[in-house]
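J.: Provide a 3D model corresponding to the input given below.
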Amino acid sequence: MPEQFKEHRSIYQNEAERDAAVAKLGRKITDVVAHKIGGIKTDDPEYWGLKEVLSDEMVDLANRMKLRKFYTLEEMMQLAPDIEPAHLQELLDQMSWVGILEYDYGDNYSHDAPIEDAPKIKRWRVPYFVPGSAELFNSSKDRVDKNPAVANFFERMTFQPLAGITQMVPPGGDGIGMHVIPVEEAVNFQNEAVDLERISYWLKKYEGHISAGICSCRYSRTKLGEGCADDPDDWCIQVGDMADYTVETGRAHYITADEALDILQKAEDNGFVHQITNIDGETHIFDICNCDVKICNALRTSMLFNTPNLSRSSYTAKVTPEKCVACGLCVESCPAGAVKLGQKLCRADGTQPNYPRAILPDKIRWGKYAWDENYRDTARMSNTWPTGSSPCKAACPAHVPVQAYLQKAKEGKYDEAIELIRTMNPFPAVCGRICNKRCEDACTRGTIDAPVSIDAVKKFVADYDLAQAQHALPKRRVASVKGHFDEKIAIIGAGPAGLSCAYYLALMGYSPVVFEKHEQPGGMMMYGIPTYKLEKDVLQAEVKIIEELGVEIRCGVEVGRDVTLEQLKEQGFAAFYLAIGCQGGRRPGVPGDDAEGTDVAVHYLESSMAAGNPAMSGRVVVVGGGNVAVDCARNAKRRGADIVTMVSLEQRDEMPATNAEIAETLGDDVVVDNGWGPKEVLTDDAGHVSGIVFKRCTRVIDPQTGRFSPLYDEDETKTVECDRIVFAIGQAVEWGGLLNGRSVTFHHGNYPQADELTFQTADPEIFVGGDVLTGPKFVIDAIAEGHYAADSLNRFVQEGASLTIGRDRHNYLAFDKDDLLVDNYDNAGRQEEGMDPEGADRFRDVHRTLTEEQVHAECSRCLSCGASVVDPNKCIGCGICTTRCKFDAIHLYRDHPEMTDMRRAEDKVGGLMGYQLKRAMKIVGNAGSEDAKAMRAKRKEYERTHREFDKTHPYTGNASAETVEETRRREEARKSWGSR
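T.: As a prediction, the model looks like this:
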């Protein structure tokens, strides 16, 4: 608070008199009907919110003023003749600085005269709580830091006045709160659009008087531990007299219209919703907010209560299915969860699935049973409708938009195709060579003839991009108007998980540092995958792209040996992502398994490639049946081993290695022997391997539990003579000194325990992912985990951010491929890459790349079976989805013009009453509908399970037992704040 403001005198005789005065002021300002009628008690938020920040003199002076009535200084002097004019001016300034008063300079913006020509007469008034003083109490960091209880006050005053009321609000919001205004680009083609629905109209109207300050919702929610990880600065744009007020009271700074447009564009990039104030009618606004649904109190008032009339725009998003390719970008950005992926193809009976619509409050008597306290999470719980969508996207662990990039490649737009891939996978060229192709296994086309060569197309477009001077990358989306974050994040391990995490953090605006103990980055992509499958220049090219985004990779640094986590923390690193992989190998635990001439797969492959795959001879046995065993066996054969035998527990059709890998292994003249497990390693007199004894494996998996539980016939054995043995039967985590002094816990041996959603360990600063968390899996699995972990790290390093609220669960379901009507498709056969004849260098990748003609032909085979589907009852008409679509498939349509009926707040009672009568008639007429029956049943169940809890807690919505308990915890926290 400015030093020139002095402490004011106490004017009340005792605490009871003081309490009564504060309660009187709270009752004047509140919109809570029960409090308006019955008065304010000392445990009500209106009381303790004001008591937290106001002096006696402030309370007294505000009580003399009428609500929302402007007073000039002369009028204030008449209202308070007992206060010296100089002190009165000081008091008005201080109350304005605190936020219990706001001021303007006359009615400057309600006519067409230039602002500069309007009279400059300062006027003060007591505003509503919201939008108003509760928000203004939270519109400056130092004010919130000094009085943290105002954060709870703001939260309560955006909820309590509307609980049980929002279903009565007529279209347009009835002068209550905020109004969604769509992305302007999305309405430019709409001839019906009116000026009030264009941001440019408001910026032009108030040009010269525009400011930007912190978002009160964003900053106050951090104090409740429910922040969204956005930088709160400058997302809130004030216009007109409010701009002057916020600048002069230290809440904001002036910006130009162009700077405002830049902020608005950044907001759209991040999926934030534009909203304007809606309490002064259609001639006047004072704020343009850029709202993140994960924390926004204004969006909450309609979404929590499931009453869209309160805030939605006049527009609804609609999809043109013929153009849509189910990329999912609109789904991931929709703040309301109104759009999800469905199917384009009909069911076998020729019908489309029944996509449910949210029930609106004009269908039935509304209540808590119809609310959704968890709206931020329920909107993100699933990215598809329950009946599912494209199997290829659902099957891919990274959920790459397969259908979308195939369409772009078909059109010859390879740069756009690779950009779409890189939204979910920073290693398309690598995966185009070594992915296990779960998308192809799931491909709908595979039910007709053969799946689309998805991976081969990916390889083509990735190689095309790598050959260009400039690479096509997704747009950075930084939730800070300054365009970057300064918080330091350390990633330990430069494998696919670590590098993917770094890549996505860079796209979020961070400059992460990756520490790698090897001399080159890439992890198992560099040291575990043979060059005849993945030539390292391809990997290095994709790593370079990640570095060009601002990621620093420090090779030759082993954390735990060369530097400790504690030392990194002292250097300013706020969080750590451990993605060190499984760099150790397992031995079978049989006699002689550590004899000279034995090795484990990870070490064998790493040392072979590090040494340039030197020539070898003799007889080699590889124990194991997975892809790593295949790599070891093929490597040994290509290095010149005379006989290579791969022995696995599993039968041929049970082997973990893919069919393609097994086929290529056999093509390299490797002997594959199935159904045997090691019993003993034989050695010669010098202690060197001379052979290995195997015993017959009669079962690998326990049919009752589905777990690995091999059984053996000890009497049936065989001996294989050999000079070298490589055990490829499992990998292990080697921690070294990395976790010394840390509190990470373990299970299944030395695998770290971590939250399934956030990847956070028992040590809050440490997150884990990739093989070190899951055990050995595929590169695409590690990529996905790195991507999702980046979200956690972003949230963790930002003050007060929740690790879970509003988080995309990346939950994709595939539709039933057996229930489809596919009556129109081409007869083209699957295009294959083929292979070049092998030359002298047997460690060169001889797989060809599809030709451009083949790519176009193969992409045409895609059935384009998925499409987005919008629930119009949940859509709020923000238009964010239209900014994501690369296929011109989703647009806004002005089908609810009544939503732009902006009224003055003073007129809301008439609007509420009039609309409630119309709504009551609709409910009577709808009483026999299936929707009404379902909602009545839902209400009865809710009342049965929540009756006792609701007596003491203000809202639970249709929450689960866990959510009820969480609400109980939050309410206890609120009470503690109120007692301060």
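J.: residue 331 against residue 383, yeah?
T.: Yes - Residue 331 is within contact range of residue 383, at 5.0 Å (criterion: C-beta atoms under 8 Å). In short, each C-beta sits where N, CA and C put it, glycine included.
J.: mutual contacts of these two, please.
T.: Shared contacts of residue 331 and residue 383 (C-beta atoms under 8 Å, 6 or more residues apart in numbering): 340, 341.
J.: check which helix or strand residue 677 maps to.
T.: Under the criterion of DSSP states H and E, residue 677 resides in strand 676-683.
J.: neighbouring strands of that strand in the sheet, and parallel or not?
T.: strand 689-701 (antiparallel) (DSSP bridges).
J.: ranges for the helices of the stretch 601-750 of the chain?
T.: 601-610, 627-638, 659-667 (DSSP state H, counting those that start in this stretch).
J.: can you lay out those helices as JSON lines showing mean pLDDT?
T.: Shown next, in JSON lines, are the helices of the stretch 601-750 of the chain (pLDDT from 0 to 100):
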{"stretch": "helix 601-610", "mean pLDDT": "94"}
{"stretch": "helix 627-638", "mean pLDDT": "96"}
{"stretch": "helix 659-667", "mean pLDDT": "91"}
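J.: not counting its neighbours along the chain, what's nearest residue 252?
T.: Nearest residue to residue 252 in three dimensions, chain neighbours excluded: residue 213, at 3.1 Å (C-beta to C-beta, 6 or more residues apart in numbering).
J.: list the beta-bridge partners for that neighbour.
T.: Residues in a beta bridge with residue 213, per DSSP bridges, are residue 236, residue 252.
J.: so what's the residue count around it?
T.: Neighbour count for residue 213, taken as other C-beta atoms under 10 Å: 26.
J.: list the residues that contact it.
T.: Here residue 213 is in contact with 139, 140, 233, 234, 236, 238, 246, 251, 252, 253 (C-beta under 8 Å, 6+ apart).
J.: try residue 865
T.: 326, 343, 344, 345, 390, 391, 403, 444, 815, 820.
J.: relative to residue 351, how far out is the third one?
T.: Using C-beta to C-beta, to the nearest Å, residue 344 is found at 13 Å from residue 351.
J.: these two: which has the busier surroundings?
T.: Shown here are residue 344 and residue 351; by other C-beta under 10 Å, residue 344 has more neighbours (22 against 9).
J.: if we can go back for a sec, residue 648: which of the contacts of residue 865 is nearest?
T.: Of all the contacts of residue 865, residue 391 has the smallest distance to residue 648: 29.5 Å, by C-beta to C-beta.
J.: looks like that closest one contacts residue 815 (just checking).
T.: Yes - counting by C-beta under 8 Å, residue 391 touches residue 815, with 7.0 Å between them.
J.: and for this structure, the residue most distant from the center?
T.: Most distant residue from the mean C-alpha position of the chain: residue 685, 61.7 Å away (C-alpha atoms, centre = their mean).
J.: and the gap between it and residue 798?
T.: 65 Å.
J.: what's the burial count for the closest residue to residue 742 other than its chain neighbours?
T.: Excluding the flanking residues, the one nearest residue 742 by C-beta to C-beta, 6+ apart is residue 763, at 4.9 Å. When counting by other C-beta under 10 Å, one arrives at 19 neighbours for residue 763.
J.: show me the contacts for residue 763.
T.: If you count contacts by C-beta under 8 Å, 6+ apart, then residue 763 has 742, 743, 744 around it.
J.: angles on the backbone of it, please.
T.: Phi and psi for residue 763, reported as degrees, to the nearest 10, are phi -90, psi 110.
J.: for it, give its distance to residue 204.
T.: 53 Å.
J.: please identify the helix or strand for residue 23.
T.: Residue 23 belongs to helix 15-29, assigned by DSSP H and E.
J.: can you give me the buried ones in that helix?
T.: For helix 15-29, burial by neighbour count (16 or more other C-beta atoms under 10 Å) applies to 18, 19, 21, 22, 23, 25, 26, 27, 28, 29.
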